[in-house]
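**Student:** Have a look; sequence and predicted model below, questions after that.
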Amino acid sequence: MDEKETTLSAARPETRLQKFIRGALRWVLVALLAFGLGALLIFFALYFPTRQKLDKANVDLEHANATITSNTDQITTLQTGNQTLQKKLDSATLNMYLLKALSDVRGASLAVAADDYAGARLSLIQASAALDALSGLLVGADQKDVLAAMQHSAAQALTEVKTDLKSAQPELDQLTKNLVQWEDNLFPNP
């Protein structure tokens, strides 16, 4: 076949245009080959590693989002538990001050029975302080009204203790009864 080509070539001389087109075609092929190699180089040197980093970053992001969701759920659970515990603490504190006031009123009643002016006065002052502490813990208006009535009774009993020790006993008995009833209403025993 080479002989035919050489015979054909020899028979027809190549024109200048054909030489130019062949040369241009070679340069175009070389340029296309260089462009293709450059595209492959860019793909393997830049795009492929960047894509791998992006895929890893997406996996890390999904993991971080799952962790955040888990932590958010845990925080919500802890906040709910904290609110429950805070309510229990507030209730226990309220009960403590109520029992302290009751204890001090009963102590004042015993001191009146023993004709101990100083003991009765001290117990009533402590009962008044416990009732004052209760005022900051109550939330309902009706509870605050009941507390105000008890504070008034404690003040009245303290005034009566100063004038006549034995005259304070009925007020102390009523205050004791009211405190016991209030405690039963707020903290019923099962």
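**Tutor:** Right, received. Where do you want to start?
**Student:** continuing past the lowest-mean-pLDDT helix or strand in the chain, what's the next helix or strand?
**Tutor:** The weakest-scoring helix or strand in the chain, judged by mean pLDDT, DSSP states H and E, is helix 2-11 (a mean of 55). Following helix 2-11 in sequence order, the next helix or strand is helix 16-42 (DSSP states H and E).
**Student:** what about that following helix, average pLDDT?
**Tutor:** Taken as a whole, helix 16-42 has an average pLDDT of 88.
**Student:** between the helix or strand that comes right after that helix and helix 16-42, how big is the angle?
**Tutor:** Remark: after helix 16-42, the chain's next helix or strand is helix 48-113, criterion DSSP H and E. Going by axes from the mean of the first three to the mean of the last three C-alpha atoms, to 10 degrees, helix 48-113 is angled at 20 degrees with respect to helix 16-42.
**Student:** Show me what helix 48-113 is packed against.
**Tutor:** helix 117-135, helix 141-163, helix 169-186 (3 or more C-beta pairs under 8 Å, 6 or more residues apart in numbering; DSSP states H and E). Every C-beta, even on glycine, is put in place using the N, C-alpha and C of the backbone.
**Student:** And it, how far out from the chain middle?
**Tutor:** 7 Å (C-alpha atoms, centre = their mean, to the nearest Å).
**Student:** tilt between it and helix 141-163?
**Tutor:** Using the same axes, to 10 degrees, helix 48-113 lies at 40 degrees relative to helix 141-163.
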